[in-house]
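Peer 1: Sharing a sequence plus its predicted fold:
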Amino acid sequence: MRIRQVSVSGLFGIFDHVVPMRIAERITIIHGPNGFGKTTLLQMLNAFFSSRYRDLVNIPFRQFAIEFDNGHSVVIRDAPEQLQLEPEGPHRADQQRRLIAQLVVDGSVVDDSPLGMIASGRPPEGRQRGGMRRR
């Protein structure tokens, strides 16, 4: 299984990028002006495949998708509707973002799970750190 395409929308609140992989040539070159998100896109890929989801929480984006050559894809999106804010306390400022990961197989969502992290690094109640659960 190889990555066919990587995309991110709302990167830094302004950029939408789609990077198709040149599978036949076995090399893809990402180029562009400074500050457009080339390194950040690679950091996002690294964070996902290393299960370091806290790194993703700290990058401003609306949606991040990895599509594979077998028809599967993973879509990670901002989920502000699932915030669990504490009314007061030392961690209130940290709890501003939650991410949802969707596993998509042949166009159908087969899993829609929180990545298990909020910006404070504490997992939601009842969930373990890291990874998506399979339904």
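Peer 2: Thanks, I have it. Numbers count the residues shown, from 1 in each chain.
Peer 1: what comes up buried for the longest helix along the chain?
Peer 2: Ranked by residue count under DSSP state H, the longest helix found in the chain is helix 38-49. Buried residues in helix 38-49, counted by 16 or more other C-beta atoms under 10 Å: 40, 41, 43, 44, 45, 47, 48. Any C-beta I mention is one placed from the backbone N, CA and C, and that applies to glycine too.
Peer 1: tell me what it is packed against?
Peer 2: strand 3-11, helix 53-57, strand 63-68 (3 or more C-beta pairs under 8 Å, 6 or more residues apart in numbering; DSSP states H and E).
Peer 1: got any ranges where the protein has weak pLDDT?
Peer 2: Flagging of the chain using pLDDT under 70 yields the residue ranges 80-97, 116-135.
Peer 1: tell me, what residue is most central in it?
Peer 2: residue 76 (3.9 Å; C-alpha atoms, centre = their mean).
Peer 1: Which helix or strand contains it?
Peer 2: Under the criterion of DSSP states H and E, residue 76 resides in strand 72-78.
Peer 1: and that strand with strand 63-68, angle?
Peer 2: Here the directions of strand 72-78 and strand 63-68 differ by 170 degrees (axes from the mean of the first three to the mean of the last three C-alpha atoms, to 10 degrees).
Peer 1: Residue 31: which of the buried residues of helix 38-49 is nearest?
Peer 2: Nearest to residue 31 among the buried residues of helix 38-49 is residue 41, at 11.8 Å by C-beta to C-beta.
Peer 1: Wait, that closest one touches residue 7, no?
Peer 2: No: under the criterion of C-beta atoms under 8 Å, residue 41 is not in contact with residue 7, lying 9.3 Å apart.
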